[in-house]
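> no FASTA, just this:
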Ligand code: PLP
Ligand code: TYF
C-alpha cells in the first residue's frame, strides 16, 4: 500500500536541529529550534515545575482517565491567565490540549464545523506549522502582509488594508504576542486598530498565544487578547504551556472558545469535546497537573513568575547586547530593530546565501529565512555572531 505514497516534506526546523547535532565543530552555535536555553545552552526544568512534580508524586492517588475536556481547574486557570476576567465566565469554555499545537487543532476543527466556508488568514511570514495544520483540517488559507525585512518592523498599514477587506467567512490568525518568526509585534495602539477593523468587518479572530510572558511581561503580553475580548463577541484562543512553563515534551495547552452567550459557548464546547473524543479521547495529564499545582498555589506561582521573568529579561538583555555589538562593529543602525523586537525570535532579513555562509564558515545555525533564537545567545556567542554578521554583510 505504501508504495503509492509520495515523500512528505520534513519540518525544516527539526531538519536544522538534526544538522546542528551532526556538526562536529567546536564552538558551534545553535540559533535554530525555538526552545529556551540558558547561558550554558541547556533547557532546564523550572524549579517551580520540579516542586510541583514532587508534590504530585507524593500525593497522586490515581492514573485513571482525566476526562475528554481534561482538568477543569487547569482549564479555568489557563483561561484566567490569558483573559483575566475580560469576558464573563459563562461565555468562556476551555478544553485541555496536547500542547499549543493540539489546542490549535481543536480550534481549527471547531471553526470548520462552525463555518464550512471559513478561510484562515495567516501572517506573512508565520510559524511554518500554521499552513500545514489548516490544510490538514481541509480549510483554505491565505496570507496578510505582516513584516518588512528592510526595516524589521510590522507593515502595519498594509496589514490593516488587507484586514479591512475581509468579511464574515474570514478567520484572522493573530499571534497574541512574541511573533514567530519575526519578533515584530503590534503595539497596543495597533491592536486597538486591528480590533476596530474586526468589529467593522465581522471577520473572526483566532489568537495563537504560545509565548505569554516571553515579551514584555505576563500581563503586558495579554494586552491584545484582553482588549479584543472586551469588544468582539466571539473568538478563539490557543494557549501553550510549552515555553512559559518549559513543559515542551509534556504537551500542555488549552483551547479556549468564547461565545456571544452561554448557549453558544456550550455548543462550541460540545463540538470541541466531540473532536477530541474521536481523535485521541483524552489529553495527557501530567503537564496540565503541574501547571494546575503551580497556578493554584501562591508560593509556587510567585516562584514560577520570577523564574519566567528572569528568562524574559535575559532575552531582552541578549537583544540589546546583540544590537550594540553589531552597531559597534559596523558603525550602522541596520540591526537596531533586534532590540525593539520581543519574544524568543528575530528575523534578521539576511539572504539565504548569507545564512548558508554563516553555517558553513562559522558553524552558526539559524533558520533559512534568517530567524534566530535569541535565547541561544550569551556573552561570547553574541560577539561571534556580530563578527560573523558584519563580515558577511559588509
Ligand atoms: N504556535 C506558535 C506560534 C509556536 O511557535 C508554537 C511552537 O512552539 C506553537 C504554536 C505550539 O507549540 P507547542 O505545541 O509545543 O505547545
Ligand atoms: O518555531 C519553533 O521553533 C518552535 C518549536 O513543528 C517548533 O515553535 C518547531 C516546529 C514545530 C513545532 C514546534
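Looks like it arrived, so ask away. Owing to the predicted nature of the structure, the values given are computational and were not obtained by experimental measurement. Ligands and ions are numbered 1, 2, ... in the order given.
> Sort out which residues of the helix or strand residue 58 falls within are buried, please.
When secondary structure is defined using DSSP states H and E, the element that contains residue 58 is helix 47-59. Residues of helix 47-59 classed as buried: 48, 49, 51, 52, 53, 55 (neighbour count, 16 or more other Cβ atoms under 10 Å). (Each C-beta comes from the backbone N, C-alpha and C, glycine too.)
> can you pull the contacts of the residue in the chain that ligand 2 sits nearest to?
For the chain and ligand 2, the shortest gap (Cβ to the nearest ligand atom) falls at residue 34, measuring 2.8 Å. Contact criterion Cβ atoms under 8 Å, 6 or more residues apart in numbering gives 13, 180, 243, 344, 345, 373 as the residues in contact with residue 34.
> Those in strands, which ones?
Within the contacts of residue 34, membership in strands is found for 345, 373, as judged by DSSP state E.
> of the contacts of residue 34, list those near ligand 2.
Filtering these for neighbours of ligand 2 using Cβ under 6 Å from any ligand atom leaves 13, 180.
> Quick one: the contacts of residue 34 as a markdown table, columns for pLDDT too.
Compiled in a markdown table, the contacts of residue 34 are given as follows (pLDDT from 0 to 100):
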| residue | pLDDT |
| --- | --- |
| 13 | 91 |
| 180 | 98 |
| 243 | 98 |
| 344 | 98 |
| 345 | 98 |
| 373 | 98 |
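> So which of the contacts of residue 34 is the closest to ligand 1?
Nearest to ligand 1 out of these is residue 180 (Cβ to the nearest ligand atom; 4.0 Å).
> measure that closest one to residue 192 for me?
Plainly put, residue 180 is 23 Å away from residue 192 if you go by Cβ to Cβ, to the nearest Å.
> Looking at these two, which has the bigger crowd around it?
With other Cβ atoms under 10 Å as the criterion, residue 180 and residue 192 differ in neighbour count, and residue 180 comes out ahead with 22 against 16.
> Not counting sequence-adjacent ones, nearest residue to that one?
Across the structure, with Cβ to Cβ, 6 or more residues apart in numbering as the measure, the residue nearest residue 180 apart from its sequence neighbours is residue 127 (4.7 Å).
> Are we agreed that the residue of the chain closest to ligand 2 is in a helix?
No - according to DSSP: H, G, I helix; E, B strand; the rest coil, the state of residue 34 is coil, so it is not within a helix.
> any idea of the pLDDT on the residue positioned nearest the centre of the chain?
Nearest residue to the geometric centre of the chain (Cα atoms, centre = their mean): residue 210, 2.9 Å. Among the per-residue scores, residue 210 holds a pLDDT of 98.
> wait, what's in contact with it?
100, 127, 175, 176, 178, 180, 238, 239, 240, 242, 243.
> How much space separates residue 112 from ligand 1?
In this view, residue 112 and ligand 1 are 18 Å apart by Cβ to the nearest ligand atom, to the nearest Å.
> Surely that residue touches residue 137?
Yes - at 5.6 Å, residue 112 and residue 137 qualify as touching, with contact defined as Cβ atoms under 8 Å.
> Spell out which residues of this structure are next to ligand 1.
Within the chain, the positions adjacent to ligand 1 are 34, 99-101, 127, 175, 180, 208, 210, 240, 242, 248, 253 by Cβ under 6 Å from any ligand atom.
> For residue 279, see how far away the residue nearest to the centre of the chain is.
Look at residue 210 and residue 279: by Cβ to Cβ, they are 21 Å apart.
> Residue 372 - how many residues pack around it?
Neighbour count for residue 372, taken as other Cβ under 10 Å: 29.
> could you check the distance from it over to residue 37?
Here the criterion is Cβ to Cβ. By it, residue 372 lies 12 Å from residue 37.
> With residue 223 instead?
Counting by Cβ to Cβ, the gap from residue 223 to residue 37 is 27 Å.
> next one: residue 311
As it turns out, when the distance is counted by Cβ to Cβ, residue 311 lies 10 Å from residue 37.
> where does the residue nearest to residue 180 land in three-state SS?
For residue 127, the assignment made with three-state DSSP gives coil.
> And the pLDDT at it?
Reading off the per-residue confidence, residue 127 sits at a pLDDT of 96.
> mind listing the helices for the stretch 251-394 of the chain?
Counting by DSSP state H, counting those that start in this stretch, the stretch 251-394 of the chain has helices at residues 262-279, 286-295, 298-330, 337-340, 352-362, 379-393.
> most packed of those?
Using mean count of other Cβ atoms under 10 Å, the stretch among these with the greatest mean number of neighbours is helix 286-295 (a mean of 24).
> relative orientation of that helix and helix 47-59 in degrees?
110 degrees (axes from the mean of the first three to the mean of the last three Cα atoms, to 10 degrees).
> Now do helix 286-295: everything it contacts.
Outside of helix 286-295, the residues within contact range by Cβ under 8 Å, 6+ apart are 48-49, 52-53, 55-56, 60, 66, 70-71, 73-74, 77-78, 81, 96, 241, 245, 247, 250-252, 300-301, 304.
> before we move on, back to that, what is the neighbour count of the residue nearest to residue 180?
Other residues near residue 127 number 22, with proximity taken as other Cβ under 10 Å.
> cool, and residue 342?
The number of residues packed around residue 342, counting by other Cβ under 10 Å, is 24.
> all helices for the stretch 1-150 of the chain, in order.
According to DSSP H, counting those that start in this stretch, the stretch 1-150 of the chain carries its helices in the segments 12-22, 47-59, 72-83, 99-114, 130-137.
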